[in-house]
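From the sequence below, what's the structure:
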Amino acid sequence: MAKAVFNRSLIHRIQAAVVVHDADTKVIVCNSKAQELLGLTEEQMLGKAAMNPDWKFLGADGERLSLEKYPVNQAVFTQQPLRDFTIGIFRPNKSDVVWVLVNADPVLDDKGKIQQVIVTFMDITDLKQAEEALRESEEKLVRAEKLAILGKLAGVLGHEIKAPLGVIKHSLEFLKVRLDQDVDAKIGEHLNLMHAKLNTMDKTIDDVLDFARTKKLELMTVDPGNLVEYLLRDIPIPANIRIVPDLGRNLPCIAVDERQIQQVFRNIIANAIDAMIDGGTLTVSTGKQLSDNAGHEFVTISFRDTGEGISPDHVKKIFEPLFSTKVKGTGLGLVACENVIHAHGGSIEVSSELGKGSTFIVKFPIKEN
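Numbering: from 1, shown residues only. Alright, predicted model coming up:
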């Protein structure tokens with residue numbers, strides 16, 4: 001008993017986060033450093049087993065950690081020490097996540113049975129945040145390099161490909177006119193197919209050129225509700241798609257280049273329609289919200305579809321140049337949309353769930369009087 005009391009006293013004096021579990025993985029000792037790091041009191045921790053669903057651990061990839069991967073459980077199941085295991089721990093008392101480096105050491109008796117598991121934690125949150133900042137910087141650098149390459153490619157496309165493509169299209173039109181009376185059905189079918197493919201190529205080149213060009217904004221003050229109503233009246237919608245306007249009234253005006261923003265919205269709506277292969281509902285909403293720590297107000301325009309949704313991995317890449325989930329996509333549409341919105345001082349966000357649909361939210365700063 002004296003030895004146990006000595007160990008308990010020693011653990012409480014250690015200037016590191018230490019938690020001791022018994023053979024059933026229940027917490028029997030947790031020092032003050034562990035309580036501070038994990039955001040829990042001693043009363044909240046003592047007697048709690050590693051299998052307790054209140055523990056919320058994340059893996060190094062940010063995904064929820066499975067129970068068998070919990071550090072204590074690994075040490076109990078393998079009866080081997082666990083070294084330098086990175087996890088994120090949700091702290092209920094602080095509503096945040098702390099990232100820690102975990103080591104777990106099983107204590108065995110003379111017969112090789114687990115008696116205790118001693119777990120130590122080292123706070124690496126600052127390191128994790130620095131790594132994330134570095135990763136984001138690297139991604140921005142890669143994005144900038146891609147954009148630079150696209151700029152050079154646009155010049156080549158404009159001078160070396162688009163002009164000859166125009167000659168080919170005009171020659172094909174001439175052949176169709178000259179052969180229209182005498183051509184058989186099969187040749188006519190192939191001529192029409194060639195014309196369609198040339199139009200597709202021409203559209204792709206135009207997309208790249210439009211993306212590469214810097215367009216000056218011609219701002220005008222507009223009512224966001226009127227902006228959306230005009231768009232919905234003008235854009236063609238398939239018969240199997242239902243549009244539901246949910247437009248807030250008396251919203252502040254916003255300063256936008258109406259032509260460019262209309263094109264942004266057309267692209268978003270076109271993507272939503274493509275995602276609803278078997279039909280569905282597209283809800284277009286307007287509203288107002290506080291959007292940042294400085295308390296700035298923004299007008300929001302959101303597009304919520306009931307389509308197939310986007311996987312989490314693809315959501316992370318959806319605004320990367322040349323990334324597309326479409327077989328015939330250029331991967332430039334949403335990037336161009338984001339660039340236009342950023343030029344307005346706004347932002348665009350996306351959330352999605354596979355099988356349920358996606359929501360794109362565009363935010364514009366409210367024009368001050």
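
other SSEs contacting the longest helix anywhere in the chain?
If you go by DSSP state H, the chain has its longest helix at helix 125-156. On a contact count with 3 or more CB pairs under 8 Å, 6 or more residues apart in numbering; DSSP states H and E, helix 125-156 meets strand 96-108, helix 185-212. (Each C-beta comes from the backbone N, C-alpha and C, glycine too.)

In terms of secondary structure, what does the last one contact?
Put plainly, it is helix 185-212. Partner elements for helix 185-212 (3+ CB pairs under 8 Å, 6+ apart): helix 125-156, helix 163-179, helix 333-343.

Tell me which of these is the most buried.
Highest mean neighbour count of the helices and strands packed on helix 185-212: helix 333-343, a mean of 19 (counted as mean count of other CB atoms under 10 Å).

List of residues touching that helix?
Residues outside helix 333-343 that contact it (CB atoms under 8 Å, 6 or more residues apart in numbering) are 207, 210-211, 215, 217, 257, 260-261, 263-264, 267-268, 271, 318-321, 347-348, 362, 364.

Among those, name the buried ones.
207, 211, 257, 260-261, 263-264, 267-268, 271, 318-319, 321, 347-348, 362, 364 (16 or more other CB atoms under 10 Å).

Mind checking which of these land in helices?
Counting by DSSP H, these contribute Asp207, Phe211, Gln260, Ile261, Gln263, Val264, Asn267, Ile268, Asn271 to helices.

and the gap between the third one and Leu209?
For Gln260, the distance to Leu209 equals 15 Å [CB to CB, to the nearest Å].

tell me which residues in stretch 32-44 are buried?
Lys33, Ala34, Gln35, Leu37, Leu38, Gly39, Leu40, Gln44.

The second one - nearest residue in space that isn't next to it in sequence?
Meaning Ala34. Nearest-residue entry for Ala34: Ala17, 4.1 Å, with adjacent residues in sequence omitted and distances by CB to CB, 6 or more residues apart in numbering.

before we move on, back to that, tell me the mean pLDDT for the longest helix of the chain?
Average pLDDT, helix 125-156: 78.

start to end distance for stretch 289-304?
17 Å (CA to CA, to the nearest Å).

Same list (the buried residues of stretch 32-44) but as CSV, adding secondary structure, distance to Thr221 and pLDDT.
Shown next, in CSV, are these (DSSP: H, G, I helix; E, B strand; the rest coil; distance: CB to CB, whole Å; pLDDT from 0 to 100):
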residue, secondary structure, distance to Thr221, pLDDT
Lys33, helix, 57, 90
Ala34, helix, 57, 89
Gln35, helix, 55, 87
Leu37, helix, 52, 86
Leu38, helix, 52, 83
Gly39, coil, 48, 81
Leu40, coil, 53, 83
Gln44, helix, 55, 85
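
wait, which of the residues you listed is closest to Val97?
For the buried residues of stretch 32-44, the residue nearest Val97 by CB to CB is Gly39; the value is 10.0 Å.

which phi and psi does the closest residue to that closest one other than its chain neighbours have?
Among residues not flanking Gly39 along the chain, Arg91 sits closest, at 3.0 Å (CB to CB, 6+ apart). Reported as degrees, to the nearest 10, the phi and psi values for Arg91 are phi -100, psi 100.

how about Arg91, what does it touch?
Leu38, Gly39, Leu40, Val97, Val98.

for the last one, which residues make a bridge with it?
Same thing as Val98. Ile89 (DSSP bridges).

And the pLDDT for it?
pLDDT at Val98 comes out at 88.

Run the chain-centre distance for the helix or strand hosting Gly225.
Applying DSSP states H and E as the criterion places Gly225 in helix 224-234. How far helix 224-234 lies from its chain's middle: 28 Å, per CA atoms, centre = their mean, to the nearest Å.
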